[in-house]
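> Predicted structure and sequence below. I'll ask about it afterward.
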Amino acid sequence: MDDALIPKGVKRCPLPEFLMKLGPVVALLLWGVVAMFMCWIKGLNQTNMNDSYGFALWIWADLTVIALGGGAFFTGLLRYIIGKDKLKEILNFAVLIGFICYSSALLILAIDIGQPLRGWFIFWHANVHSMLTEVAFCLTCYFGVLTIEYLPLVLENRQIDRVPFFHNLSHNMHEIMPVFAATGAFLSFFHQGSLGGVAGVLFARPFAYREGIFIWPWTFFLFTWSAAAYGPCFTIMLAKITEKITGKRLVKDDVYALLAKIAGWMMATYVVAKIVDTWYWATVTAPSKGQTLMDFYSNNPFYGIWILILEIGVGGVIPAAILITRKGRRTPFLLVTAVVLGVVGVCVNRWAMVLQVMAVPVLPFEGWPMYYPSWQEVATTLLPVAYGILLVAFSYRYLPVFPQEPELNPIVTEAREPAESEATGGAGDAEMKPAEA
Amino acid sequence: MFPFNFEWIWDMSHLVFMGGLWFALTVLGMGMTYCIIKAAVDTAEGKGGGHH
């Protein structure tokens, strides 16, 4: 039915089957849309945010998807600026994931601000003393970069590519892509960093407060570093999930190994820096504010000391140790384990830097306030997940997202007639169609 | 955002913040303008038959 739109040299399931499988995802999307409109129409009383939790599930989701979407800027930097050409085989997918992550972050922010019609105020009446203003600027501009990086992939659809203007536009955009990639890296460095900087400058909240250099607390650099380390892990993880769902190999192992190696070393150096930061904070910074390490952890369900162990040990040291060893990243099970643990690690880090910062009592008479998101918050947080699945599914179906797919999955044409096969001396029943790049 | 906004002040904060924003927007805008114009010129010259 839609054969003319499907890239050359690859095979896709029939359209009805494809659409039917997406049914549950569409249902999830609609649930999120209903909750989104409830928040917009009725206001933020639809959430469980309160005076203790001005930042809650949405901001955690925001910071997390921005960190996980860091694979796009870092892979682009490696490919276009550092010159790791092999990564071009996974760059399209990294850009797609980055596009989904950043559009999701902007969507969540549009819900979170409560008054979306005034969203433009942050640009028009910019508060130039706020790191979040810089984040808003960079997020918006970087989303523009990701759109520009994603557009050539859309233009490479078989039917669109037949139009000479679009073919030329795609070609020209590829030619100057290093300029866009460099701009994206510049923007990412600052907005990833500023998201960490927001926590680090909270001098009245010793759990988050860090010293640093000039106006930048150490968390500024740790956030950028962690996004560069863990973003590629998320790209690898989703590529592996896509392979599992489609039942095909989509990226060669050496491409995975190269990206995993770079991510592993970034992660290893990040974890060392994070451990040093944590040790200095626990032994020097926090005591100087009159608190000890264990003041920041409690026996309640969300904020025990386990969170620190899970973040740095399980989600940092272990995956880094796996990925920096050749055997670790070449063993499929260990590679998948490492990237999953890495993704968990960065999610927990952002959870601590958003939610735990709000929860830790800072006055002697305060307790640990708990926060459970409302169903509207959960639904609107799952909305981008559903949207992301749909965009990956449609992009995979209609666009050449994985350039190595035709080579790794040659199409087996129908069996020849036995007589013809014998006459031509054919050895097998099937013919392998040559790979089309 | 613009010098004609009532809250605009010619200080370092505005120059750094807004300078960064306008720099990024200029690079993206000029880059895309170049691509679109060149694509139009190439198409007018008969390039790009739609086959890689």
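Happy to help now that I have it.
> Name the residues of chain A found near chain B, please.
Where proximity means CB under 8 Å from any CB of the partner chain, the interface of chain A facing chain B comprises A:123-126, A:128-129, A:133-134, A:137-138, A:141, A:144-145, A:148, A:161-169, A:171-173, A:176, A:179-180, A:183, A:186-187, A:190. Any C-beta I mention is one placed from the backbone N, CA and C, and that applies to glycine too.
> how about the residues of chain B that lie near chain A?
Applying CB under 8 Å from any CB, we find that chain B lies next to chain A at B:1, B:5, B:7, B:13-14, B:16-18, B:20-21, B:24-25, B:27-28, B:31-32, B:34-36, B:38-40, B:42-43, B:46-50, B:52.
> could you pull out the helices for the stretch 151-300 of chain A?
Listed in chain order, the helices of the stretch 151-300 of chain A (DSSP state H, counting those that start in this stretch) span A:164-175, A:177-200, A:218-246, A:253-280, A:286-288.
> who does the second one touch, helix- and strand-wise?
So the one you mean is helix A:177-200. Applying 3 or more CB pairs under 8 Å, 6 or more residues apart in numbering or on different chains; DSSP states H and E, one finds that helix A:177-200 makes contact with helix A:57-68, helix A:70-76, helix A:131-155, strand A:216-217, helix A:218-246, helix B:12-44.
> ok, back up a step: now the buried members of the residues of chain A next to chain B.
If you count burial by 16 or more other CB atoms under 10 Å in any protein chain shown, the buried members of the residues of chain A next to chain B come out as A:126, A:128, A:133-134, A:137-138, A:141, A:144-145, A:148, A:161, A:164-169, A:171-173, A:176, A:179-180, A:183, A:186-187, A:190.
> confidence score at the residue nearest to the spatial centre of chain B?
Nearest to the centroid of the C-alpha atoms of chain B, with distances taken as CA atoms, centre = their mean, sits residue B:29, at 1.8 Å. At residue B:29, the predicted lDDT confidence score is 96.
> Just the CA atoms of the helix or strand hosting residue A:27, as PDB, please.
If you go by DSSP states H and E, residue A:27 is part of helix A:23-42. As requested, C-alpha coordinates have been extracted for helix A:23-42 and formatted as PDB (Å, rounded to 0.1, in the frame of the first residue of the first chain):
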ATOM      1  CA  GLY A  23      -2.600   1.100  18.500                       C
ATOM      2  CA  PRO A  24      -1.600   0.900  22.200                       C
ATOM      3  CA  VAL A  25       0.900   3.700  21.700                       C
ATOM      4  CA  VAL A  26      -1.700   5.900  20.200                       C
ATOM      5  CA  ALA A  27      -4.000   5.200  23.200                       C
ATOM      6  CA  LEU A  28      -1.200   6.200  25.500                       C
ATOM      7  CA  LEU A  29      -0.600   9.400  23.500                       C
ATOM      8  CA  LEU A  30      -4.300  10.300  23.600                       C
ATOM      9  CA  TRP A  31      -4.300   9.800  27.400                       C
ATOM     10  CA  GLY A  32      -1.500  12.200  27.700                       C
ATOM     11  CA  VAL A  33      -3.200  14.700  25.400                       C
ATOM     12  CA  VAL A  34      -6.300  14.600  27.600                       C
ATOM     13  CA  ALA A  35      -4.200  15.300  30.700                       C
ATOM     14  CA  MET A  36      -2.300  18.000  28.900                       C
ATOM     15  CA  PHE A  37      -5.500  19.900  28.000                       C
ATOM     16  CA  MET A  38      -6.700  19.500  31.600                       C
ATOM     17  CA  CYS A  39      -3.600  21.200  32.800                       C
ATOM     18  CA  TRP A  40      -3.900  24.000  30.300                       C
ATOM     19  CA  ILE A  41      -7.600  24.500  30.800                       C
ATOM     20  CA  LYS A  42      -7.900  24.000  34.600                       C
END
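> Does the one residue in the stretch 251-400 of chain A that gets nearest to chain B belong to a helix, a strand or coil?
Chain B sits closest to residue A:400 of the stretch 251-400 of chain A, with a gap of 10.1 Å, by CB to the nearest CB. Classification of residue A:400 into helix, strand or coil gives coil, according to DSSP: H, G, I helix; E, B strand; the rest coil.
> Kindly confirm whether my reading is correct that it touches residue A:92.
Yes. In terms of CB atoms under 8 Å, residue A:400 counts as a neighbour of residue A:92; the distance is 7.4 Å.
> Common neighbours of those two, please.
Here residue A:400 and residue A:92 share the contacting residues residue A:153, scored by CB atoms under 8 Å, 6 or more residues apart in numbering or on different chains.
> mind checking pLDDT for the residue of the stretch 201-350 of chain A found nearest chain B?
In the stretch 201-350 of chain A, the residue that lies nearest chain B is residue A:215 (10.7 Å; CB to the nearest CB). According to the predicted model, the pLDDT of residue A:215 comes to 83.
> next one: residue A:11
With respect to pLDDT, residue A:11 scores 91.
> Go ahead and confirm it touches residue A:412.
No. The criterion here is CB under 8 Å, and residue A:11 misses it with residue A:412 at 9.1 Å.
> Can you pull out the low-pLDDT segments for chain A?
By pLDDT under 70, the low-scoring segments of chain A are A:414-437.
> try chain B
Low-confidence segments of chain B, defined by pLDDT under 70, are located at B:49-52.
> can you tell me which residues contact residue A:17?
Residue A:17 is in contact with no residue at all, counting by CB under 8 Å, 6+ apart.
> circling back: can you tell which of the helices of the stretch 151-300 of chain A is closest to residue A:328?
Counting by CB to CB, residue A:328 lies closest to helix A:253-280 out of the helices of the stretch 151-300 of chain A; the figure is 7.9 Å.
> Could you check the closest one and say which residues are buried?
Residues of helix A:253-280 classed as buried: A:255-264, A:266-268, A:270-271, A:274, A:277 (neighbour count, 16+ other CB under 10 Å).
> re earlier: of the helices and strands packed on helix A:177-200, which approaches residue A:197 most closely?
With CB to CB as the criterion, residue A:197 lies closest to helix A:218-246 of the helices and strands packed on helix A:177-200, at 4.0 Å.
> can you state the direction angle for that closest one and helix A:253-280?
Angle between the axes of helix A:218-246 and helix A:253-280 is 150 degrees (criterion: axes from the mean of the first three to the mean of the last three CA atoms, to 10 degrees).
> Run the angle between helix A:218-246 and helix A:131-155 for me.
Here helix A:218-246 runs at an angle of 30 degrees relative to helix A:131-155 (the same axes, to 10 degrees).
> got the angle between helix A:218-246 and helix A:57-68?
Computed by the same axes, to 10 degrees, the angle between helix A:218-246 and helix A:57-68 is 80 degrees.
> elements contacting the helix or strand harbouring residue A:335?
When secondary structure is defined using DSSP H and E, the element that contains residue A:335 is helix A:332-351. In this structure, helix A:332-351 makes packing contacts with helix A:57-68, helix A:218-246, helix A:253-280, helix A:318-323, helix A:326-330, judged by 3+ CB pairs under 8 Å, 6+ apart.
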